[in-house]
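**Q** need a structure here:
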Amino acid sequence: MNNKGVSGSLLAVGLVVLAVAALLVLSALSPPAVPFNPESAAPDGYKALALLLKSEGVSVDPVTAEQATATTATAQPGLVLFIPAPQFTSAAQLESFEAAASAGATVVFGEPRTEPSGMAALSTVDSQYLASTPADPVPPGFCNIAALQGLGPIDAAFAVPIQAGESEPGESCYGLQGDQFLIRQQAVGTGKIITLASPYLWVNARLQPDKESGGLPLDNAATALRLLLQNSQVTTSSQQPQRLVMVSAQPSDGVAANGTQTPIQLLPTGVKLFLIQLAAAFCLFAWWKGRRLGKPISETTPVEIAGSELVVAVGDLLRRKGNPERAAKSLRRETCRVLCSRLGLPPDVPKSVLALRLAQLTSRDQQEILTAIQDGPVTNADALVRLARTLNDIRQEALHVPTH
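**A** Residues are numbered from 1 along each chain as shown. Predicted coordinates for the structure are as follows:
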């Protein structure tokens, strides 16, 4: 390839590297996607639920945990607090949410609360898997929540039922034998606390599972509307509309995220694309460098050495090293290999069979041949020279006698 072609190739590689670097920088600057966002139309977003609530006159406000804590100071009937990921809130914030329920607000937790430990884990689900997984209908079972009477099954494909004993007793629905997917408890005051088995019960993708295959919607959306609306129909004296405050699923101050995902899952999408492009560029470069242009160039072959001379030369070299036993073994092995190839015998044929075949082709005695090719003691240089000559003679006779 000429200099012009090399320069063009280097320029192309440089442009690819710059494009990949720019993509990496832009992906690093973009904020990571947060699940359970009421403004997100992604499979794990809550935009569909937010639109349904807004159609009923509810104001949906996405806030951080710190902002929600400030809201609880003026909590009153008509306020609904939805915390999809309570593990990302601190102990003080949980207490403020419960205090808001005592003041008359409705507090909804996306999953059972646990004792805050300073480290929180949020196990997210891949968007494609979330949208393509078939529904897992769960019937109401024994349901003593009046607002949910008459509803049908809900989809609980990504929910684990709340075990008996994980929460305080209260009204429940959807489940059997104490394991429920939805629990509603009366707060100390006039409000209520609702606990879901999983925040994925109300995400966009699970309000109508199997949508691509014509699946019918279950009653996940209906349960959300009845629970979030029927407990909050009381409005203030100024007739302000009902307000739903949704807490972002991000760690608040004092709470660190402890991811339960694999390192590949934790990588941003831009980094994954960069790695894929880097691998593709490497494969393309390897193919380009590895291809052959034109016909192979013929090269001058080295001078061929007669087999007998090579055997003698190897034996003499080993003899000079002072190890006749090793030299004899090498001579016998090489001689047997050449003879087996000449006679059409397998390389691992027994020495007795090879000796019989050689005796039939030559004038030598079978026992004499067997003694020469079979491993035996060679103690000095003279014995090694005699063995080399014998093997060379046997080889010459066998190679110059027709095999058919």
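
**Q** give me every residue that touches Cys143.
**A** Neighbour list for Cys143: 149, 172-174 [criterion: C-beta atoms under 8 Å, 6 or more residues apart in numbering]. Bear in mind the C-beta positions are built from the backbone N, C-alpha and C, glycine included.

**Q** all strands of this protein, in order?
**A** Assigned by DSSP state E, the chain shows strands spanning 59-63, 79-83, 106-109, 119-120, 137-138, 154-155, 171-176, 179-186, 192-196, 243-247, 256-257.

**Q** of all these, which lies closest to Glu95?
**A** Proximity to Glu95, assessed across those by C-beta to C-beta, is greatest for strand 106-109 (11.5 Å).

**Q** from the contact counts, what lies against the closest one?
**A** strand 79-83, helix 91-102, strand 192-196, helix 220-230 (3 or more C-beta pairs under 8 Å, 6 or more residues apart in numbering; DSSP states H and E).

**Q** tabulate the CA atom coordinates of the second one in PDB.
**A** Coordinates of the C-alpha atoms in helix 91-102 are reproduced here as PDB (Å, rounded to 0.1, in the frame of the first residue of the first chain):
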ATOM      1  CA  ALA A  91     -35.600   7.300  59.000                       C
ATOM      2  CA  ALA A  92     -36.500  11.000  59.700                       C
ATOM      3  CA  GLN A  93     -38.200  11.200  56.300                       C
ATOM      4  CA  LEU A  94     -40.200   8.100  56.900                       C
ATOM      5  CA  GLU A  95     -41.400   9.500  60.300                       C
ATOM      6  CA  SER A  96     -42.500  12.700  58.500                       C
ATOM      7  CA  PHE A  97     -44.500  10.700  56.000                       C
ATOM      8  CA  GLU A  98     -46.200   8.800  58.700                       C
ATOM      9  CA  ALA A  99     -46.900  12.000  60.600                       C
ATOM     10  CA  ALA A 100     -48.500  13.400  57.400                       C
ATOM     11  CA  ALA A 101     -50.900  10.300  57.400                       C
ATOM     12  CA  SER A 102     -51.800  11.100  61.000                       C
END
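
**Q** now it: buried residues?
**A** If you call a residue buried by 16 or more other C-beta atoms under 10 Å, then helix 91-102 has these buried ones: 93-94, 96-101.

**Q** got the angle for that helix vs strand 192-196?
**A** Here the directions of helix 91-102 and strand 192-196 differ by 120 degrees (axes from the mean of the first three to the mean of the last three C-alpha atoms, to 10 degrees).

**Q** what pLDDT, on average, does helix 91-102 get?
**A** When the per-residue pLDDT values of helix 91-102 are averaged, the result is 86.

**Q** that helix packs against which elements?
**A** The criterion is 3+ C-beta pairs under 8 Å, 6+ apart, and the helices and strands that helix 91-102 contacts are helix 65-72, strand 79-83, strand 106-109, strand 192-196.

**Q** comparing these, which yields the minimum mean pLDDT?
**A** helix 65-72 (a mean of 80).

**Q** any buried residues in that helix, and which?
**A** Of the residues in helix 65-72, 65, 68-69, 71-72 count as buried by neighbour count, 16+ other C-beta under 10 Å.

**Q** elements contacting that helix?
**A** When contacts are defined as 3+ C-beta pairs under 8 Å, 6+ apart, helix 65-72 packs onto strand 79-83, helix 91-102, strand 243-247.

**Q** among these, which is nearest Lys329?
**A** By C-beta to C-beta (comparing all of the helices and strands packed on helix 65-72), the closest turns out to be helix 91-102, at 79.9 Å.

**Q** one step back: and which of the buried residues of helix 91-102 is nearest Leu79?
**A** Out of the buried residues of helix 91-102, the one with the shortest distance to Leu79 is Ala100. That distance is 7.0 Å, counting by C-beta to C-beta.

**Q** contacts only, for that closest one.
**A** Residues near Ala100 by C-beta under 8 Å, 6+ apart: 71-72, 75, 79, 81, 107, 191.

**Q** go through the contacts of Cys143 and name the one nearest Val353.
**A** Among those, Tyr174 lies closest to Val353 (C-beta to C-beta), at 81.1 Å.

**Q** now the closest one: closest residue in space that isn't a chain neighbour?
**A** In space, and not counting its chain neighbours, Tyr174 is closest to Phe181: 4.1 Å by C-beta to C-beta, 6 or more residues apart in numbering.

**Q** sweet, I'm off.
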